[in-house]
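Undergrad: need a 3D model of the sequence below.
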Amino acid sequence: MTAETKTVLTGGCQCGAVRFAVSGTPAKVSICHCRMCQKASGAPFASFADIERDDFRWTRGKPAAFKSSSIAERDFCAACGTPLSFRRIGGPRIEIMTGTFDRPDRVVPTKQYGAESRLGWVVGIANLPSQSTLQNYGPEKLAEIVSHQHPDHD
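TA: Residues are numbered from 1 along each chain as shown. Predicted structure coming up:
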């Protein structure tokens, strides 16, 4: 990705030490339910945007990496621990975790993998009772909270 290339998507870790930019549309966006992705994300599933390496660059900081298998590494922020990516060693693409994008609403999953490990209750999430953060905490308590999270932009 060159400086002249138009940035389409940006994102980064929770503390802002690591940031990235994407100049092309992801080849695919998917959810993975496999046990390795569950552990790597600390969640019931992980969601990734698959991006050509030529369309991707780290714009601030450099992530740490963990070789999670004989074929792949997972990048994360060494300062705050945010999981950032999955990449096949020597592969042509990098898969960025969708929750790390500044606008995760723009990277919508269209496929699922690792269905053998999908937790049974995941399919009913949309039907669970829900509240906004304001409803959950109330205006007084919410006003007292000071976020140390990097904003969703630079």
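Undergrad: list the contacts of the residue nearest the centre of the chain.
TA: Among the residues of the chain, the one closest to the centroid is Met97, at 2.3 Å (Cα atoms, centre = their mean). Each residue near Met97 by Cβ atoms under 8 Å, 6 or more residues apart in numbering is listed here: 41, 46-48, 83-86. All C-beta atoms are positioned from the backbone trio N, CA, C, and that covers glycine.
Undergrad: out of those, flag the one nearest to Pro129.
TA: Checking the contacts of Met97 against Pro129 by Cβ to Cβ gives Ser47 as the nearest, at 23.0 Å.
Undergrad: quick check: the closest one touching Ser30?
TA: Yes. Proximity of Ser47 to Ser30 meets the contact threshold set by Cβ atoms under 8 Å, at 7.1 Å.
Undergrad: quick check: neighbours shared by these two?
TA: Joint contacts of Ser47 and Ser30 (Cβ under 8 Å, 6+ apart) are Pro109.
Undergrad: report pLDDT for Thr5.
TA: Per-residue confidence (pLDDT) for Thr5: 68.
Undergrad: quick one, phi/psi of Ala126?
TA: phi -60, psi -20 (degrees, to the nearest 10).
Undergrad: can you pull out the strands in the chain?
TA: 9-12, 19-22, 28-32, 46-52, 56-60, 64-66, 72-76, 83-88, 93-97, 111-113 (DSSP state E).
Undergrad: the longest one pairs with which strands, parallel or anti?
TA: Within its sheet, strand 46-52 is paired with strand 28-32 (antiparallel), strand 93-97 (antiparallel), according to DSSP bridges.
Undergrad: got the angle between it and strand 72-76?
TA: With axes from the mean of the first three to the mean of the last three Cα atoms, to 10 degrees defining the directions, strand 46-52 sits at 110 degrees from strand 72-76.
Undergrad: pull the CA atoms of strand 46-52 into CSV?
TA: Extracted in CSV, the C-alpha atoms of strand 46-52 (Å, rounded to 0.1, in the frame of the first residue of the first chain):
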residue,chain,number,x,y,z
ALA,A,46,-14.0,-14.6,16.1
SER,A,47,-14.9,-12.5,13.0
PHE,A,48,-12.3,-11.6,10.4
ALA,A,49,-12.0,-9.4,7.3
ASP,A,50,-9.7,-11.2,4.8
ILE,A,51,-7.4,-8.5,3.1
GLU,A,52,-4.7,-8.7,0.5
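Undergrad: residues in contact with it?
TA: If you take Cβ under 8 Å, 6+ apart as the criterion, strand 46-52 is touched by 9, 22, 24, 26-32, 37-38, 40, 83, 85-86, 92-99, 101, 107, 109.
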